[in-house]
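Novice: Compute the structure for the input listed below.
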Amino acid sequence: MSHYNRKALAEALAGVGVAPGGLVFSHGNIGLFGYPEEGRDARAMRHTVHGAFRDALGPDGILAVPCFSYSACKGEPFDPATTPGVGGMFPEWLRKRPDAVRSLDPIFSVAAVGPGAGELLADLSSECFGPGSFWERLAARDGIVVNLNLNAGFNALAHYAERLAGAPWRMDKAFPALVYDPSSKTNPVSTTVRYYCQRPDAAYADYDLLSRLLENAGLVARAKVGRGGIVAVKALAFLDFFLVAFRENPAFLHPAASNPAPNRAANPAANPDPDSGGEKEGRNG
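Specialist: Reported below is the predicted structural model:
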């Protein structure tokens with residue numbers, strides 16, 4: 001028994017706003033769609049999802065996925081060719097494709113395929129969520145965030161919005177890093193990156209609440225696919241909504257007086273914010 005196919009997924013993607021020649025960033029857990037008509041193994045799932053994105057984006061569109069590795073946070077060197085990410089099987093497969101390009105961010109790297117992917121990911125800022133970052137370019141190019149079986153609040157773009165707003169629950173932190181740069185004759189290259197990370201003394205933002213607020217504002221498009229579904233939100237609309245809501249109430253994502261931090265050390269996959277990138281061996285991250 002199958003639950004969906006490439007054509008159905010491509011039509012659903014088009015229905016939520018994925019257009020030919022566009023730029024998509026996608027978090028996801030593709031296993032929750034069920035089995036595609038094209039086959040019941042992981043290879044069939046990956047090829048079906050990739051094919052559907054290609055059908056919806058056309059020959060000139062770009063698909064980008066999270067390949068977050070946290071290498072600098074862990075004090076480990078980062079090699080874009082070999083360092084695995086934590087975003088799940090689809091981003092890992094995509095980054096290994098011969099036509100894929102991966103950014104050199106040793107914490108929040110992104111992989112992309114499509115014409116112009118190299119230009120999109122070249123010469124990014126050393127600030128993971130600052131000016132000149134991938135997230136700024138995603139918004140500037142009128143990109144769309146498409147989540148596969150995850151809600152709209154599970155979105156690393158939220159951290160760029162927090163950076164723009166000056167969210168008091170986040171802080172800039174510098175991490176020394178060793179990065180293997182394919183264009184450099186001296187490897188690895190020593191550098192420093194800045195991550196706008198969670199303050200240890202602050203309550204965590206409620207990103208599920210952010211998803212509901214975006215839905216209530218009519219900014220989220222959704223479609224059912226197989227056993228699961230997809231949601232999409234335009235990057236610029238997401239940022240505009242976040243910044244206006246923050247100006248009106250800086251605590252809009254902290255409705256409770258206390259929101260204790262989760263025990264990530266015990267279960268790093270059970271991450272309530274979008275840092276983890278996506279699926280984690282069948283989990284939503």
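Novice: Do you have the helices of the stretch 51-200 of the chain handy? List them.
Specialist: 89-95, 117-121, 134-140, 157-165 (DSSP state H, counting those that start in this stretch).
Novice: wait, which of these is closest to N149?
Specialist: Closest approach to N149 among these is made by helix 89-95 (11.1 Å; Cβ to Cβ). C-betas here are computed from N, CA, C, even on glycine.
Novice: what about the protein, any weak spots by pLDDT?
Specialist: Applying pLDDT under 70 to the chain flags residues 257-285.
Novice: If we use 90, what do you get?
Specialist: 1-2, 37, 40, 87, 181-187, 255-285 (pLDDT under 90).
Novice: ok so, going back, okay, the helices of the stretch 51-200 of the chain in JSON lines with distance to G226 next?
Specialist: Converted to JSON lines, the helices of the stretch 51-200 of the chain look like this (distance: least, Cβ to Cβ, whole Å):
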{"stretch": "helix 89-95", "distance to G226": "15"}
{"stretch": "helix 117-121", "distance to G226": "28"}
{"stretch": "helix 134-140", "distance to G226": "27"}
{"stretch": "helix 157-165", "distance to G226": "26"}
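Novice: And these: which comes nearest R54?
Specialist: Among the helices of the stretch 51-200 of the chain, the nearest to R54 by Cβ to Cβ is helix 89-95 (11.4 Å).
Novice: Against which helices or strands is the closest one packed?
Specialist: Secondary structure elements in contact with helix 89-95, counted by 3 or more Cβ pairs under 8 Å, 6 or more residues apart in numbering; DSSP states H and E, are helix 42-57, strand 62-66, strand 110-113.
Novice: repeat that with 10 Å
Specialist: Under the contact criterion of 3 or more Cβ pairs under 10 Å, 6 or more residues apart in numbering; DSSP states H and E, helix 89-95 touches helix 42-57, strand 62-66, strand 101-102, strand 110-113.
Novice: Let's have those in a markdown table, adding distance to F33.
Specialist: Output for those, formatted as a markdown table (distance: least, Cβ to Cβ, whole Å):
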| stretch | distance to F33 |
| --- | --- |
| helix 42-57 | 8 |
| strand 62-66 | 16 |
| strand 101-102 | 25 |
| strand 110-113 | 20 |
